[in-house]
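>>> Predicted model and sequence below, questions to follow.
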Amino acid sequence: MESAMDYHTARALLEWQIELGATEAILDAPVNRYETPAQKPKPKADAPIAPIKKPKIDPVQVAKTQAQGAGDLAALKATLAQFEHCDLRRGARSMVFADGNPAAKVMIIGEAPGRDEDREGRPFVGRVGQLFDRMFAAIDLSRDGSEAESSVYVTNILPWRPPQNRDPKADEIAMMMPFVARHVELANPDILVLMGNIACQGVLGKRGVSRLRGHWVEAFGKPALPMYHPDALMRNPVLKREAWADLLDLKSRLNGKG
């Protein structure tokens with residue numbers, strides 16, 4: 001049986017380890033420095049990265065908020081010009097907001113700007129506008145009138161021209177309707193005239209102006225009369241007889257006889 005290490009030998013071995021740099025003992029058992037340490041598993045290179053979800057923007061709700069924040073017609077026009085969620089504005093030459101007398105008793109809502117309107121920045125111009133002006137002049141109304149009783153105020157469902165004059169899409173109409181509603185609220189006319197299918201679709205949620213015309217309805221809390229668009233009258237002149245009947249009906253209502 002081996003004898004225990006004597007004091008002097010143990011001290012000599014300890015001093016030798018101190019000279020090598022070992023200054024303190026921290027483990028109960030020695031560590032084998034030649035063993036390979038355990039490697040942590042690396043993440044797979046092809047592991048999919050979860051995409052960052054962006055909050056979905058509802059352009060109709062944005063339009064409602066922005067439109068209600070406009071305190072007058074000038075503010076509404078400026079707000080509409082800055083609305084970024086309708087792609088039509090990127091392809092249009094100009095924004096068509098309104099024309100005529102904002103104090104007029106009659107407010108006319110058309111469809112969307114065409115080529116001439118896009119160029120001039122006004123609704124109902126060119127050949128269509130000439131017919132439009134003659135129609136209302138026949139019942140003593142004009143967009144150039146200074147008196148509320150003898151003038152009209154004109155706007156459209158959409159302020160920007162769709163490419164190639166195509167019909168506006170349902171989502172384009174939907175995001176513009178809060179601005180139309182606020183426009184009517186600020187102008188506060190006595191009577192609305194809805195000219196064409198797109199105007200009826202946006203305001204009434206219905207198409208088929210040939211069935212709707214000639215019948216008074218309510219829109220935005222006001223009496224409204226659907227009518228043929230002047231462009232339809234130019235393509236099909238036989239409809240002018242019905243349009244004339246609607247104009248006489250409008251005049252009768254303005255004179256308190258309707």
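Cool, the structure landed.

>>> Give the full set of residues in contact with the closest residue to V203 other than its chain neighbours.
What sits nearest to V203 in space, not counting adjacent residues and going by CB to CB, 6 or more residues apart in numbering, is A219, at 4.8 Å. Every C-beta, even on glycine, is put in place using the N, C-alpha and C of the backbone. Residues near A219 by CB atoms under 8 Å, 6 or more residues apart in numbering: L192, L194, V203, L204.

>>> Wait, the third one touches I108, no?
No - with the criterion set as CB atoms under 8 Å, V203 and I108 do not qualify as a contacting pair; they are 11.7 Å apart.

>>> Show me the common contact partners of these two, please.
Between them, V203 and I108 have L192 as joint contacts when contacts are counted by CB under 8 Å, 6+ apart.

>>> Which one's more surrounded, the two?
Using other CB atoms under 10 Å as the criterion, V203 and I108 rank with I108 on top: 28 against 22.

>>> Kindly state the beta-bridge partners for the more buried one.
Legend: beta-bridge partners of I108 under DSSP bridges are V154, V193.

>>> how near is it to I49?
In this view, I108 and I49 are 55 Å apart by CB to CB, to the nearest Å.

>>> The residue nearest to V203 bridge partners, please.
Beta-bridge partners of A219, as defined by DSSP bridges: K222.

>>> Ok, P226 next?
Note on P226: beta-bridge partners L194, judged by DSSP bridges.

>>> if we can go back for a sec, how far away is the residue nearest to V203 from A181?
Distance from A219 to A181, by CB to CB: 9 Å.

>>> Tell me who's in contact with the closest residue to M227 other than its chain neighbours.
Closest residue to M227 apart from its sequence neighbours, by CB to CB, 6+ apart: D246 at 4.8 Å. Shown in contact with D246 (CB under 8 Å, 6+ apart): R213, G214, L225, M227, Y228.
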